[in-house]
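fold the following for me, if possible:
(one chain, ligands or ions: 3)
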Amino acid sequence: MKKALDYAAVKASRFVDELIELLTLPSVSTDPAYADKVEKTAAWLVDHLGALGATSARLTATQGHPIVTAHFQAGDALPTVLVYGHYDVQPPDPLALWESPPFEPVIKGSQLYARGSCDDKGQLFMHLKALEAWMRTTGRPPVNVKLILEGEEECGSASLPGFIEEHKEWLDADVVIISDTSMFASGVPSITYGLRGMTYVEVSLTGPDRDLHSGTYGGAIENPINALARMIGNMHDADHRITIDGFYDEVVALTSAERQEMAALPFDVAAWLKEVGVSVSRTERGYSELEAATARPTLDCNGIWGGYIGEGAKTVLPSRASAKISMRLVPNQNPKDIAAKLQAWMEAKTPPTMRLDFRMIHGAEGVLVDTDSTAMAAAAKAVEGVYGCRPFLVRIGGSIPVVADFKRILGLDSVLMGFGLDSDAIHSPNEHFGLDRFAEGIEAIIRFHALYADMAGSDEH
Ligand code: BES
Ligand code: MN
Ligand code: MN
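Ligands and ions are numbered 1, 2, ... in the order given. The predicted structure follows:
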């Protein structure tokens, strides 16, 4: 292992140069205008993996964006690790708020600024560089490594479950490892054992069959924006609980042991709020900020539009109002069931002069992974080797849809060993990733390979 670690340390600056090249490719998955760039990114990765000595590195076209797979075979008797990552990124909007262009990476101080630097190109690239360190020193990693890198994570992973179903045999492994989550804080490593799920919908209310003069008709014809805003406002009660009928029915409650562990985490609420420019929190009554933001379900309006939003004033009673609404789910809530519950609730409240259009855009299940596995123990030890302290086990509020799919389709648990920070501004302007964390992540992955080979080798293998 020492040789591989030394190699990574010596090559650190070239690794960063290569990551910069990867970050210049604008692989925005949600916007069809970028489709050729997404494909180009996939091809770049295939080439890169091939050059590292993967036994097979290929691009598979899908209905959406390509899936990249590669295989590093070390030995039939050795355990197999499946690495998942996503090479697509969020749109860079709002562009005006970037201090440097999103796809022209720059290093400022110890941070690398670019869209995707943390989420998730920077983090998936750590896995490639850990593999390079093994390939160039010992000729093979200590475990078999398969990679599956997708280009649709940021828009709902529509093609991935089908691909996993179709390639069950190829994907056979002992565990999945993913670096697409955050550390608890700078220098405070953590491993994530819980992710929230998601139901994302787009809704519209249509009233009069054209935009109306608000002087001629206002007061007598109900306004769709007013009606939609009222509905959205009523989706929470005074205790900040969600009022949709049956919304909490399937929720797995936090155990008191879990609540105690969470309360013991070194979470600085005041600093956390300050970092986003807010002075007080707003949580569901009875839950702490950390519980509410990681282990309780939510409902948020992500965007709302209709009527006139240009310069100046235009007196209009609009025909239509629309909104995008996301709900973060926790285990055992079912994404489609939650969509149906919201739809029924909204239908019941739709004014008789209006029509509700309701469309589910995507869904993902929340998950809790096995914390007692050999792979988890190996990851904890790997992280400890880098940071000198045991990682905290945490739940996070974000979603990685494939984690539930790997469990359901392949029966595999995932180890979520991530090196982001909440302050990295993922999905925001000026996304960045610490070069220290990039190097630490590579080191942790190298250590994980060696430790998992030892630890799994002595039990099931
Ligand atoms: N890497 C994130 C998940 C994440 C979010 C990790 C916050 C750590 C902190 C992932 O790329 C992501 O953004 N997921 C989406 C999934 C959605 C589009 C289904 C999310 O959580 O919004
Ligand atoms: Mn991600
Ligand atoms: Mn993301």
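
helix, strand or coil for the closest residue to Arg136 other than its chain neighbours?
Closest residue in space to Arg136, ignoring its immediate chain neighbours: Tyr7 at 5.9 Å, by CB to CB, 6 or more residues apart in numbering. Every residue, glycine included, has its C-beta placed from N, CA and C. What DSSP: H, G, I helix; E, B strand; the rest coil gives for Tyr7 is helix.

separation between Tyr7 and Leu112?
Remark: distance between Tyr7 and Leu112 (CB to CB, to the nearest Å) = 21 Å.

before we move on, the earlier item: could you pull up the residues touching the residue nearest to Arg136?
Neighbouring residues of Tyr7 by CB atoms under 8 Å, 6 or more residues apart in numbering: 132-133, 136-137.

at 6 Å what do you get?
Contact analysis of Tyr7 by CB atoms under 6 Å, 6 or more residues apart in numbering lists 133, 136-137.

and those, which is closest to ligand 2?
The closest of the contacts of Tyr7 to ligand 2 turns out to be Ala133 (CB to the ion; 23.4 Å).

the nearest residue to the closest one once chain neighbours are set aside - how many residues pack around it?
Leaving aside its sequence neighbours, Ala133 sits nearest to Ala4 (CB to CB, 6+ apart; 4.1 Å). Residues lying near Ala4 (other CB atoms under 10 Å) number 26.

contacts only, for Ala4.
Per CB under 6 Å, 6+ apart, neighbours of Ala4: 133-134, 137, 446.

farthest pair in those residues?
Thr137 and Ile446 (9.8 Å; CB to CB).

tell me which of these two has more neighbours.
Ile446 (29 against 17).

Val106 against Leu112, yeah?
No - contact between Val106 and Leu112 fails when scored by CB atoms under 6 Å: they sit 7.6 Å apart.

can you count the residues close to Ile148?
Neighbour tally, Ile148, other CB under 10 Å: 24.

so for the one helix or strand it maps to, what's the average pLDDT?
Using DSSP states H and E, Ile148 falls within strand 144-150. Average pLDDT, strand 144-150: 98.

what residues does this protein put near ligand 1?
Within the chain, the positions lying close to ligand 1 (CB under 6 Å from any ligand atom) are 119-120, 153-154, 156, 180-182, 198, 362, 364, 396, 398-401, 420.

just the residues you listed that are near ligand 2?
Residues of these in contact with ligand 2 (CB under 5 Å from the ion): 119-120, 180.

where's Ile225, which helix or strand?
Using DSSP H and E, Ile225 sits within helix 224-233.

elements contacting that helix?
Applying 3 or more CB pairs under 6 Å, 6 or more residues apart in numbering; DSSP states H and E, one finds that helix 224-233 contacts strand 197-206, strand 320-329.

nearest to Lys349, out of these?
Using CB to CB as the measure, strand 197-206 is the one of these that comes nearest Lys349, at 10.0 Å.

hmm, who's touching the closest one?
224, 227-228, 320-327, 329, 335, 338-339, 354-366, 399.

put the buried members of the residues you listed into a PyMOL selection.
Of these, the buried ones go into a single PyMOL selection, burial set by 16 or more other CB atoms under 10 Å:
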select buried, resi 224+227+228+320+321+322+323+324+325+326+327+329+335+338+339+354+356+358+360+361+362+363+364+365+366+399
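
neighbours around the residue in the stretch 351-461 of the chain positioned nearest to ligand 1, how many?
Ligand 1 sits closest to Gly398 of the stretch 351-461 of the chain, with a gap of 2.3 Å, by CB to the nearest ligand atom. Residues near Gly398, counting by other CB under 10 Å, number 19.

what about the strand holding Ile148 and ligand 2, touching?
No - figure legend: strand 144-150 not in contact with ligand 2 (CB under 5 Å from the ion); closest approach 10.3 Å.

partner strands of that strand, with direction?
Here strand 144-150 is paired, per DSSP bridges, with strand 67-72 (antiparallel), strand 80-86 (parallel).

got a list of contacts for it?
The contact list for strand 144-150, computed with CB under 6 Å, 6+ apart, reads 45, 67-74, 78, 80-87, 160.
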